[in-house]
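[1] just a sequence and a predicted model for now, questions to come.
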Amino acid sequence: MAAIDLSSPYSPARSSPAPLSARRSLHLLLRRPRRPTVRCSLDAPKQPQGPLAAVAAEEAPATRKECYGVFCTTYDLKADEKTKSWKSLVNIAVSGAAGMISNHLLFKLASGEVFGPDQPIALKLLGSERSLQALEGVAMELEDSLYPLLREVSIGIDPYVVFEDAEWALLIGAKPRGPGMERSALLDINGQIFAEQGKALNAVASRNVKVIVVGNPCNTNALICLKNAPNIPAKNFHALTRLDENRAKCQLALKAGVFYDKVSNVTIWGNHSTTQVPDFLNAKINGRPVKEVIKDTKWLEEEFTKTVQKRGGVLIEKWGRSSAASTAVSIVDAIRSLVNPTPEGDWFSTGVYTTGNPYGIAEDIVFSMPCRSKGDGDYELVKDVAMDDFLWERIKKSEAELLAEKRCVAHLTGEGNAFCDLPGDTMLPGEM
Ligand SMILES: NC(=O)C1=CN([C@@H]2O[C@H](COP(=O)(O)OP(=O)(O)OC[C@H]3O[C@@H](n4cnc5c(N)ncnc54)[C@H](OP(=O)(O)O)[C@@H]3O)[C@@H](O)[C@H]2O)C=CC1
Ligand SMILES: O=C([O-])CC(=O)C(=O)O
């Protein structure tokens, strides 16, 4: 059995690379000032649940060895033939972990389909006071799923604790835009969340943490986050536009009558909003330019573009809630595109910091562009894509929207007073 230091606020498996004899445990991590980690069981008899469990345990003597359930079992992985070739533990932080997208994503992460069957992971789940109880439920479901690669689960409400040593941060939690709410108000409320989380990542995450911002408006949230994390390379921050790319591939496949694995080189340019530009000029079907395969230019310019831009809203009308499962799949795709080499000749779309971009896009915003990866978690921009007037005109509109969003959050990026002059038709894909 691994020795357990209950006087330490951190678990023995916390540092990375973790010893392979790492303890599998479920922690409950609460607000600063940091407290001793509480190891508790979600089904422990006579133990209070939720925040009370932490309080009760905190009052307990430091030597009290409370530990229940499967996450407290100590495994000597070296002794297990199957795990001899496993890599070091990877710490993955997820915010909005009790939300709908996370409810799909966490199980994919734990199954091994994202990082691979030889990659043990620790999940560090960020919620809030309002979601802590639900977060415990999520942790219980993870517990009951018996994933061999899931070595550690922590839940908490303080990003400075939950993001400690995170090597990936999947930032999903954000307030949804309610009826009658101005987009500027949404930018401000969510911007504050991402400013705080950027600061927390800057303070406690791995220096090379890769950050994928999902919570909307994700491009500008990503910009706010990176501006508040000056010690982390700006290049490491992404805004999720992979769902838009997947939606575009699906529409092109439908129109051409092919399966969607025949569609490649699809770029989403710009903002994850209704100004996004799905690029059919450079996209390919069966290795041939889309325009050679789909001769209906009017459809490409009008219907295809609009369908992709508004897909999220149509789905909400039908389903009554926003895309959650397909968003989780697209987060998986986005991560896999960074940890696996991009197939020869192809690329993927992701919203990245524009500094030094070769396309003439305004500097200092987060803009979706075509990228490639060697599979090391990093990426490079694809430089040789064609541009025409149709594409460029629309790219400039999305750029203008992002520049307006940026002016609106200047108070959160350290660039002075905010001035909000957002274009009237600015909308998220999920809005109609
Ligand atoms: N980029 C993309 O392609 C897509 C982005 N999205 C965006 O992802 C985000 C999450 O979506 P989804 O999981 O479906 O949403 P849910 O409503 O299911 O969950 C969102 C989570 O956000 C958290 N949250 C943070 N701050 C607030 C707040 N002020 N008020 C209310 N909730 C808050 C809540 O968790 P807690 O209480 O724990 O903080 C909640 O669990 C949304 O912003 C959505 O617009 C959705 C689809 C596609
Ligand atoms: O607007 C939303 O919350 C949903 C969204 O981003 C999408 O479906 O692309």
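    Thanks, I have the structure now. Being a predicted model, the structure only gives us computed values, none of them experimental. Ligands and ions are numbered 1, 2, ... in the order given.
[2] how many residues are close by Asn236?
    24 (other C-beta atoms under 10 Å). For the C-beta atoms, the positions are set from N, CA and C on the backbone; glycine is no exception.
[3] distance of it relative to ligand 2?
    22 Å (C-beta to the nearest ligand atom, to the nearest Å).
[4] let me see the contact set for that residue.
    When contacts are counted by C-beta atoms under 8 Å, 6 or more residues apart in numbering, Asn236 touches Asn208, Val209, Lys210, Val211, Leu226.
[5] helices of the stretch 251-400 of the chain, start to end?
    For the stretch 251-400 of the chain, helices defined by DSSP state H, counting those that start in this stretch occupy the ranges 290-293, 297-298, 305-319, 325-339, 389-408.
[6] any low-confidence regions in the stretch 151-300 of the chain?
    180 (pLDDT under 70).
[7] closest point of it to ligand 2, which residue?
    Of all residues in the stretch 151-300 of the chain, Asn216 sits closest to ligand 2, at 5.1 Å by C-beta to the nearest ligand atom.
[8] that residue reaches Glu431, doesn't it?
    No: checked against C-beta atoms under 8 Å, the pair Asn216 and Glu431 is beyond contact range at 9.6 Å.
[9] pick out whichever of these two has more residues nearby.
    Using other C-beta under 10 Å, the more surrounded residue of Asn216 and Glu431 is Asn216, with 25 against 16.
[10] could you measure the more buried one against Pro343, distance?
    According to C-beta to C-beta, to the nearest Å, Asn216 and Pro343 sit 30 Å apart.
[11] name the element the spatially most central residue of the chain belongs to?
    Closest to where the C-alpha atoms of the chain average out (C-alpha atoms, centre = their mean) is Leu170, at 3.1 Å. Element membership for Leu170, per DSSP states H and E: strand 168-171.
[12] and Lys199, by the same measure?
    helix 183-204.
[13] okay, now Asp158: neighbour count?
    Asp158: 18 neighbours (other C-beta under 10 Å).
[14] quick check: it vs Gln192, distance?
    16 Å.
[15] repeat that for Glu81.
    50 Å.
[16] looking at the two, which is more packed in?
    Remark: of Glu81 and Gln192, Gln192 carries more neighbours, 15 against 7, as counted by other C-beta under 10 Å.
[17] enumerate every residue touching the residue lying closest to the more buried one once chain neighbours are set aside.
    Spatial nearest neighbour of Gln192, excluding adjacent residues (C-beta to C-beta, 6 or more residues apart in numbering): Leu412 at 6.7 Å. Counting by C-beta under 8 Å, 6+ apart, Leu412 touches Asp188, Gly191, Gln192, Phe194, Ala195, Ile224, Lys227, Asn228, Ala418.
[18] same question, Val263
    Contacts of Val263 (C-beta under 8 Å, 6+ apart): Lys249, Leu252, Ala253, Ala256, Ala283, Lys284, Ile285.
[19] ranking those residues by neighbours, who comes first?
    Leu252 (26 neighbours).
[20] next one: the nearest residue to that one once chain neighbours are set aside relative to ligand 1, how far apart?
    Counting by C-beta to C-beta, 6+ apart, Leu252 lies nearest to Val263, which is 5.0 Å off, once chain neighbours are set aside. According to C-beta to the nearest ligand atom, Val263 and ligand 1 sit 19 Å apart.
[21] is Val263 bridged to anything, and to what?
    Ile285 (DSSP bridges).
[22] let's verify Pro423: helix, strand, or coil?
    Put simply, Pro423 is coil when judged by DSSP: H, G, I helix; E, B strand; the rest coil.
[23] return the backbone torsion pair for the one residue in the chain that gets nearest to ligand 1.
    At 2.3 Å from ligand 1, Gly99 is the closest residue in the chain, using C-beta to the nearest ligand atom. Gly99 adopts backbone torsions of phi -90, psi -180, taken as degrees, to the nearest 10.
[24] pull up the residues of this structure that are close to ligand 1.
    96, 98-101, 127-128, 130-131, 172-176, 189, 193, 214-216, 218, 240, 243, 272, 322-324, 327 (C-beta under 6 Å from any ligand atom).
[25] make a PyMOL selection of whichever of those turn out to be buried.
    In PyMOL, the members of the residues of the chain next to ligand 1 classed as buried (16 or more other C-beta atoms under 10 Å) are selected with the following command:
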select buried, resi 96+98+99+100+101+127+131+172+173+174+193+214+215+216+218+240+243+272+322+323+324+327
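[26] picking up where we left off before, which of the contacts of Val263 fall within strands?
    Lys284, Ile285 (DSSP state E).
[27] okay if I get the contacts of Val263 as a markdown table plus distance to ligand 2?
    Formatted as a markdown table, the contacts of Val263 follow (distance: C-beta to the nearest ligand atom, whole Å):
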| residue | distance to ligand 2 |
| --- | --- |
| Lys249 | 15 |
| Leu252 | 18 |
| Ala253 | 19 |
| Ala256 | 23 |
| Ala283 | 19 |
| Lys284 | 24 |
| Ile285 | 24 |
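[28] ok now the helix holding Lys199, how far from the chain's centre?
    14 Å (C-alpha atoms, centre = their mean, to the nearest Å).
[29] which other helices and strands contact the very next helix or strand once past it?
    Later in the chain than helix 183-204, the nearest helix or strand by DSSP H and E is strand 210-213. With contacts taken as 3 or more C-beta pairs under 8 Å, 6 or more residues apart in numbering; DSSP states H and E, strand 210-213 sits against strand 168-171, helix 218-227, strand 237-239, helix 325-339.
[30] and if we set it to 10 Å?
    Judged by 3 or more C-beta pairs under 10 Å, 6 or more residues apart in numbering; DSSP states H and E, the packing partners of strand 210-213 are strand 90-95, strand 168-171, helix 183-204, helix 218-227, strand 237-239, helix 325-339, strand 348-353.
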